[in-house]
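Trainee: structure for this input, please:
(2 chains)
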Amino acid sequence: MSSLDVSSVNPAPAPRFARLFVVTGTSGRYPPLLTAVLLLPLLLLLFFSFLYPVGRMLVGSLFDPGFTLDNYLRMFNEPLYLKVLLRTLWIAFATTVGAFVLGYPVAFAMARAGSRLTLLIAACVLIPLWTSVLVRSYAWIVLLQRKGVLNDILVGTGIVEQPLKLIYTEGAVIVAMTHVMLPFMVLPIYAALRTIPKELPQAAANLGAGTFTTFARIILPLSLPGVFAGALMTFILALGFYVTPALLGGPQTLMMATLIGQQTTIMLDWPFAGALATVLLVVTLVLTFMFRRVLATSRGFANV
Amino acid sequence: MKGARVTVREIVKRYGAVTAVEGISIDVKAGEFLSLLGPSGSGKTTLLMMIAGFELPTAGLIEIGARDVTYVAPNRRNVGMVFQKYALFPHMSVNDNVAFPLRMRKIDKAEITRRVGEALAMVQLDAYGRRAPAQLSGGQQQRVALARALVFEPPVLLMDEPLGALDKKLREQLQIEIKSLQQRLGVTVIYVTHDQEEALTMSDRIAVMNDGQVAQIGSPASLYGEPASPFVADFIGKMNFLPVEYIGSEKASHRIRVTDASTLSVTRSLSGRSFELSPGLSLQAAIRPENISLAPRGSGGPDAVAGTVNTSIYLGTHQTLLVNVDGRSGPPLHIQASASRDLAAFARGDEVDILFQADAIHLFSGKGDGK
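Mentor: The predicted structure is shown next:
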């Protein structure tokens, strides 16, 4: 309405400077050059702190000094490196599934509860998120180490004779990473559940559906966009996770990020680290793309 | 499909210290169209939610047919429900939405296909089965919701302001469609609305609700003609209220004072009133716009009240005049007459005699604040 008024009242073209920098057009969009100026700091930051170093790593992995694929071939020729990649994918997958299984009920309770209880649950979800990953990982060490809390209880109650080897195992990495990733799963699912109008489960019940059927046929399908978003976020973050696997995983549970760290800081083999990083990036991009396709088709199919 | 009777007995609903519904009893006959009419916060939706089973009453009894359903889960009540915001399942096609209650009842596939087709034909949407709800207009979505609520042939259909989100033209069209569908199917309908015109159009009976209680229940004509309280008189149709003073009774009538200069005779029976009549008592006179007429000043006879025309409004089928009573402040009287009758002769500023139809004046206790 107001934009119409402006254009009809003010037919004379604005001066060139004003058109490029000052006059906001219809629907409050910024003029083109002002947009560029506003974006510039972020673009510079992105370029110098991300694109340039990543590009250098990529170039370094391909030229030595002439063009070579050795660094990539080495990765696929040596079973160890392939194993690390597959293990990384597996741990990321297991973490995602674990976060979904544990996170969905939390999100569901949050969406269902009264405002005060929702706040309490949200605090329980968010306060760990605000705590350093390092602190949370050390907390798991305290719990899982040989003379840790868990082993003390198990030995003390006589359930086991000898302390179990809990830390530096794949299980420890998955459990701790699931814990760290939980908020990234809970929050998108909660957001999706919140948007389901309360009339829908009521209508389902009115039409004869019991509690479980209402959940399976109405609530779960309508919350899938949130599940996909949370799963994608968790999976991608887990693929490149460094701190927790480095602290809680032993040599048997080496993951890609830790391997890249070793290559850069200990072996000083930057070209190979670049190759590893590139492969991880490509795998991440491919999986993201596939995920989005699945999400898009399910959207079209489900129309939510 | 045959309707079932619904009995609501002494139903109370409290939320902590707040009482939403306070001891309501209503008997809805089988096949009847009953509207719950009231302002927001009057408890009408809460009552409907308790009949549907989404809220449990604090005390009281609800029966559908001969079955006590007071504490039965909503999915075992076998009543249809239409929501204000349609509540169609967005991830299912129109067909799947309508088939949902039949699938819940484990009816075989061929039968489901047949009945879904019939239900959609009933609301003139048989060509839209494969669409998603989001691809339909609001009116179409509400028709689908209606088909879905009726496809499993429930004996009772509950409707919670189903036309509230639609524009006026569409609303009037759907009112008539719903009414004729209800008469054809014989289903009992309990219909929540805050729109008195809608309630008058569709209902066999209307329960006017206020403050968690039923203010009055009866046919549209009886509520309009015999309102039991100023609240009902004001809520149903247009009503003029005038503070008056009771003077005394004559043979078959009562005399009231409107202004210092004028008195009126009231010939309506005052039996059934809860207040004692005594000369000097302050009362509230209520009269419909169509029961007031005008005459040029001086020609109105002994019971005329002097007034001045404020505004004249032409409304097509009829004409409304707003007239101030001389010597009295407050809102002007609404006077209504068919446009053919010559009210058009009166213009703003004209001095007139206001004539009240003696048998159409209602007297209520209290002073004229509409309560």
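Trainee: use CA for all of it now, contacts and neighbours both
Mentor: Noted.
Trainee: check the secondary structure at the closest residue to chain B within chain A for me.
Mentor: Per Cα to the nearest Cα, residue A:208 is where chain A lies closest to chain B, at 4.1 Å. At residue A:208 the chain is in coil, as set by DSSP: H, G, I helix; E, B strand; the rest coil.
Trainee: OK, contacts around it?
Mentor: B:74, B:75, B:76, B:78, B:101, B:104, B:105 (Cα atoms under 8 Å, 6 or more residues apart in numbering or on different chains).
Trainee: would you turn these into JSON lines with pLDDT and neighbour count?
Mentor: What follows is these, written out as JSON lines (pLDDT from 0 to 100; neighbours: other Cα atoms under 10 Å in any protein chain shown):
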{"residue": "B:74", "pLDDT": "94", "neighbour count": "25"}
{"residue": "B:75", "pLDDT": "94", "neighbour count": "22"}
{"residue": "B:76", "pLDDT": "93", "neighbour count": "15"}
{"residue": "B:78", "pLDDT": "93", "neighbour count": "19"}
{"residue": "B:101", "pLDDT": "96", "neighbour count": "27"}
{"residue": "B:104", "pLDDT": "95", "neighbour count": "17"}
{"residue": "B:105", "pLDDT": "95", "neighbour count": "13"}
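Trainee: one step back: just give the nearest non-adjacent residue to the residue of chain A closest to chain B, would you?
Mentor: residue B:75 (4.1 Å; Cα to Cα, 6 or more residues apart in numbering or on different chains).
Trainee: can you check residue A:151 too?
Mentor: In space, residue A:151 is closest to residue A:163, 5.4 Å off (Cα to Cα, 6+ apart).
Trainee: I'd assumed residue A:153 was in contact with that neighbour.
Mentor: No. Applying Cα atoms under 8 Å as the test, residue A:163 and residue A:153 come out as separate, 9.6 Å apart.
Trainee: just the element for the residue most central in space within chain A, please.
Mentor: Closest residue to the average C-alpha location of chain A: residue A:233 at 2.7 Å, with Cα atoms, centre = their mean. Using DSSP states H and E, the element containing residue A:233 is helix A:220-239.
Trainee: for that helix, packing partners?
Mentor: Packing partners of helix A:220-239 (3 or more Cα pairs under 8 Å, 6 or more residues apart in numbering or on different chains; DSSP states H and E): helix A:79-112, helix A:170-194, helix A:270-302.
Trainee: returning to that earlier point: what is the neighbour count of the residue nearest to residue A:151?
Mentor: 17 (other Cα atoms under 10 Å in any protein chain shown).
Trainee: that one belongs to a strand, doesn't it?
Mentor: No. Going by three-state DSSP, the assignment for residue A:163 is coil, not a strand.
Trainee: over to residue B:82: give its phi and psi.
Mentor: Main-chain dihedrals, residue B:82, degrees, to the nearest 10: phi -120, psi 130.
Trainee: leaving out chain neighbours, which residue sits closest to it?
Mentor: Distances taken as Cα to Cα, 6+ apart place residue B:159 nearest to residue B:82, at 4.7 Å, with adjacent residues excluded.
Trainee: what's opposite the one you found in the beta bridge?
Mentor: Bridge pairing for residue B:159 (DSSP bridges) gives the partners residue B:82, residue B:191.
Trainee: my guess is it contacts residue B:189, does it?
Mentor: Yes. Counting by Cα under 8 Å, residue B:159 touches residue B:189, with 7.4 Å between them.
Trainee: between these two, which one's more packed in?
Mentor: For residue B:159 versus residue B:189, neighbours defined as other Cα under 10 Å are more numerous around residue B:189 (32 against 23).
Trainee: now do the same contact list for that one.
Mentor: By Cα under 8 Å, 6+ apart, the residues touching residue B:189 are B:31, B:32, B:33, B:34, B:156, B:157, B:158, B:159, B:182.
Trainee: now the first one. Nearest residue, chain neighbours left out?
Mentor: Once its chain neighbours are removed from consideration, residue B:31 has its nearest residue in residue B:188; the separation is 4.1 Å (Cα to Cα, 6+ apart).
Trainee: where's that neighbour relative to chain A, distance?
Mentor: For residue B:188, the distance to chain A equals 16 Å [Cα to the nearest Cα, to the nearest Å].
Trainee: give me the neighbour count for that residue.
Mentor: Residues near residue B:188, counting by other Cα under 10 Å, number 26.
Trainee: contact partners for it?
Mentor: Residue B:188 makes contacts with B:3-5, B:28-33, B:155-157, B:182, as judged by Cα under 8 Å, 6+ apart.
Trainee: among the residues you listed, name the ones in helices.
Mentor: Counting by DSSP state H, the part of the contacts of residue B:188 found in helices is residue B:182.
Trainee: for the contacts of residue B:188, which entry has the maximal number of neighbours?
Mentor: Comparing these by number of neighbours (other Cα under 10 Å), residue B:156 comes first, having 30 neighbours.
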